[in-house]
Structure formats: C-alpha cells, structure tokens
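Novice: The following block contains a protein sequence and its predicted model.
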Amino acid sequence: MLKPIIEFCASNMHHGTGRIMKQLEDNPELDVIEYGCLGNCGECYLFPFGLVNGEIVAAETAEELLLRIMEAVESQRAEREALDRLIDDM
C-alpha cells in the first residue's frame, strides 16, 4: 500500500504549520513534503492548510489542522480499502 502524501507550503509556515509538518515527518507511515509554493495562495494567506494526497485540508489553527489531516488520511485509507474489496468481489 502506498503511503499517504502530505504536502505543505513554505509560505504557510507563519500559521504554525512548520511544527505540524515536523510532527507528521516522525510518522513512518506518511510521506511529508514541503514545497516553496503549492499554488493555493488564497488559502495560504488566510489559514493553515496542507494537501493530503492532493486534496486541500484546512483549519482555523495548526493544532486543528493536524487533527483534520489525520482524519483525512484515515478517511482516504478507508475509501481505498472499500474500493479494493469491491474490485476483489467482481
């Protein structure tokens, strides 16, 4: 199974996402990448955000972002597993 990819924008670090990124980097089940720009300048300016497998996850605080990222990882994993079961049943 592929590891979830969590992406952060270097320009968003002023919202506290740097410490969240470091926490996630300690999880060997995740691939965490920092980019200079993710092209989501509106979100980047307004609130903490990251991408989970290409999907925007945002929150009002960095701490809430961490929770939402982990929820998105689990939700996407459950969806993949359900699709895999469906394909296996065909």
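Specialist: Noted; the coordinates are in hand. Numbering: from 1, shown residues only.
Novice: Downstream of the worst-scoring helix or strand of the chain on mean pLDDT, the next helix or strand is which one?
Specialist: Taking mean pLDDT, DSSP states H and E as the measure, the helix or strand of the chain with the lowest value is helix 41-46, at a mean of 82. The C-terminal neighbour of helix 41-46 among helices and strands, as given by DSSP states H and E, is strand 49-52.
Novice: still on that earlier bit, name the surrounding residues that touch the least confident helix or strand of the chain.
Specialist: 9, 11-12, 38, 49, 56, 58 (CB atoms under 8 Å, 6 or more residues apart in numbering). Yep, even glycine has a C-beta here, placed from its N, CA and C like the rest.
Novice: Repeat that for stretch 71-79.
Specialist: Where contact means CB under 8 Å, 6+ apart, the residues beyond stretch 71-79 that reach it are 4, 6, 30, 52-53, 55, 57.
Novice: next one: stretch 5-12 to chain centre, how far?
Specialist: Taking the mean of its C-alpha atoms, stretch 5-12 sits 8 Å from the chain's own mean (CA atoms, centre = their mean, to the nearest Å).
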